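Participant: Dropping a prediction and its sequence here:
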Amino acid sequence: MVTGGAGFLGSHLCERLIEKDFDVLCVDNLFTGTKDNIAHLHNHPHFEFMRHDITFPLFVEVDEIYNLACPASPIHYQHDPVQTTKTSVHGSINMLGLAKRVGAKILQASTSEVYGDPAVHPQTEDYWGHVNPIGTRSCYDEGKRCAETLFFDYHRQHGLPIKVMRIFNTYGPRMHPADGRVVSNFIIQALSGDPISIYGDGSQTRSFCYVDDLIDGMIALMETGPEVTGPINIGNPDEFTIRQLAEKVIELTGARSELVQHPLPADDPKQRQPDISLAKRVLGWEPKVALEEGLTRTVDYFRGMSSTPAA
Ligand code: NAD
Ligand code: UDP
Ligand code: UDP
């Protein structure tokens, strides 16, 4: 079962699991996900879609649960912040209760946001983070932190086999064109010849992982034995400033867009880079797709969309 399976990462995961001969149940309330993301899977005999909000109980029989349901971009998770917290907290309780009843392995899609605006760089899994508990990002950050607590308490209290994966910024085809994330925004703006919107002075950094690499890491983590619980960072450690990203997108698209500065959103982390030593050691995993190659594939995807909505 893949919750959030109609979203960006979830749809790639469903596709990959089907290729690996799993029977896939995709559970999604279609808040940010779309049927279009999974349209190509609908007629597959091993694929099933169920529209359901995981903040409500769910009784199905499954043996592995990938819990990805949760809006992931600031625009979407701040649209209904209480629902965002409920999805991480009530949703995790329901999925953990389900895993406990049926004896399933369960993986949580956690996030680098649990480190907040980090005082340790690059971020290692033993860093406890620097998160504002009452800000506008907190519904997401603190919701995900509480979900990790729940996963570890179900593990300690009920012996549940858990896998906690801390995902760093990921990009690629099927990113939601209107979710305001930096890679999709810049590509859409460049392809439309609009100005590129740099928040702040563009000196803040992020490390961008191509979706195929991320899914490899996710499945590798699920396939580990019960002794591996995580948390484990999965991301690409190549770090870029936001200004460098803008310049790269302009170069790849041949756009003439100018760079325009906008105010930096509240609590925007200044730097982010995963330390992936643990993933290399435990999973034998590391990303393979360099930024330029991944961006080229993503630009091709957005070029191919019939109508490209404005960012
Ligand atoms: P997305 O918004 O494309 O996908 C999330 C999916 O969850 C959507 O299909 C949405 O409809 C569904 N959903 C939301 N609330 C739900 C609910 N209550 N019940 C059922 N379904 C619900 O985002 P994504 O980028 O694919 O992210 C997937 C997961 O990975 C999220 O949990 C996110 O926090 C995590 N993550 C993503 C990134 C990234 O860079 N993309 C980074 C860190 C963590
Ligand atoms: N739950 C669920 N599906 C199941 C089993 C449980 O949605 O197959 C929900 C259940 O409704 C409960 C939550 O998971 O609210 C936690 O279940 P657990 O058994 O851990 O706790 P309890 O039911 O004792 O509160
Ligand atoms: N950002 C930007 N222009 C945009 C969208 C985002 O400069 O059009 C910046 C944003 O302020 C942040 C970085 O790019 O510093 C990554 O933003 P995103 O929302 O993609 O991810 P997150 O902040 O969750 O890492």
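Facilitator: Everything's here; your move. Ligands and ions are numbered 1, 2, ... in the order given.

Participant: Next up, the contacts around the residue lying closest to residue 68 once chain neighbours are set aside.
Facilitator: Nearest residue to residue 68 in three dimensions, chain neighbours excluded: residue 4, at 3.5 Å (C-beta to C-beta, 6 or more residues apart in numbering). To be clear about C-beta, it is placed using only N, CA and C from the backbone, and glycine gets the same treatment. Neighbouring residues of residue 4 by C-beta atoms under 8 Å, 6 or more residues apart in numbering: 10, 27, 28, 33, 67, 68, 69, 70, 109.

Participant: again, only this time at 10 Å
Facilitator: Neighbour list for residue 4: 10-11, 13, 26-29, 31-33, 54, 66-72, 87, 91, 109 [criterion: C-beta atoms under 10 Å, 6 or more residues apart in numbering].

Participant: Could you give the backbone dihedrals for it?
Facilitator: Main-chain torsions, residue 4, degrees, to the nearest 10: phi 80, psi 20.

Participant: Strands of the stretch 151-300 of the chain, residue ranges please.
Facilitator: 162-167, 170-171, 196-199, 205-207, 209-210, 232-234, 239-241, 259-262 (DSSP state E, counting those that start in this stretch).

Participant: Go through those strands and pick out the most buried.
Facilitator: Most buried of these by mean neighbour count (mean count of other C-beta atoms under 10 Å) is strand 232-234; its value is a mean of 26.

Participant: who does that one touch, helix- and strand-wise?
Facilitator: strand 105-111, strand 162-167, helix 211-222, helix 277-283 (3 or more C-beta pairs under 10 Å, 6 or more residues apart in numbering; DSSP states H and E).

Participant: Ligand 3: which of the ones you listed is closest?
Facilitator: For ligand 3, the closest of those is strand 105-111, at 8.3 Å, according to C-beta to the nearest ligand atom.

Participant: That closest one pairs with which strands, parallel or anti?
Facilitator: strand 64-67 (parallel), strand 162-167 (parallel) (DSSP bridges).

Participant: In CSV: those strands, plus distance to residue 131 and mean pLDDT.
Facilitator: Output for the strands paired with strand 105-111, formatted as CSV (distance: least, C-beta to C-beta, whole Å; pLDDT from 0 to 100):
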stretch, distance to residue 131, mean pLDDT
strand 64-67, 20, 99
strand 162-167, 13, 98
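
Participant: any chance of these in a markdown table, plus distance to residue 125?
Facilitator: Formatted as a markdown table, the strands paired with strand 105-111 follow (distance: least, C-beta to C-beta, whole Å):
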| stretch | distance to residue 125 |
| --- | --- |
| strand 64-67 | 19 |
| strand 162-167 | 7 |
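
Participant: What parts of the stretch 201-311 of the chain come near ligand 2?
Facilitator: By C-beta under 6 Å from any ligand atom, no part of the stretch 201-311 of the chain sits against ligand 2.

Participant: Up against ligand 1, what does this structure have?
Facilitator: 3-4, 6-10, 28-33, 53-55, 68-72, 87, 91, 109, 111, 167, 169-170, 176.

Participant: Enumerate every residue touching residue 25.
Facilitator: Here residue 25 is in contact with 1-3, 5, 14, 46-50, 60-62, 65 (C-beta under 10 Å, 6+ apart).

Participant: distance of the closest residue to ligand 2 within the chain from residue 140?
Facilitator: Proximity of the chain to ligand 2 (C-beta to the nearest ligand atom) peaks at residue 97, 2.0 Å away. According to C-beta to C-beta, to the nearest Å, residue 97 stands 23 Å off from residue 140.

Participant: who's more crowded, these two?
Facilitator: residue 140 (26 against 15; other C-beta atoms under 10 Å).

Participant: For residue 60, grab the count of nearby residues.
Facilitator: Using other C-beta under 10 Å, residue 60 is surrounded by 14 other residues.

Participant: mind listing what it touches?
Facilitator: Residues counted as contacts of residue 60 (C-beta under 10 Å, 6+ apart) are 1, 25, 27, 48, 50, 52, 98, 102, 104.

Participant: secondary structure class for it?
Facilitator: coil (DSSP: H, G, I helix; E, B strand; the rest coil).

Participant: Give me the phi and psi for the residue sitting furthest away from the middle of the chain.
Facilitator: Taking C-alpha atoms, centre = their mean, the residue of the chain most remote from its mean C-alpha position is residue 256, at 30.4 Å. Backbone geometry at residue 256, expressed as degrees, to the nearest 10, gives phi -110, psi 20.

Participant: Low-confidence ranges, the protein, go.
Facilitator: Within the chain, the stretches with pLDDT under 70 are 306-311.

Participant: what does it have sitting close to ligand 3?
Facilitator: 73-74, 169, 180-182, 185, 197-199, 204, 206, 242, 265, 268.

Participant: Pull out the buried residues from these.
Facilitator: 73-74, 169, 180-182, 185, 197-199, 204, 206, 242 (16 or more other C-beta atoms under 10 Å).
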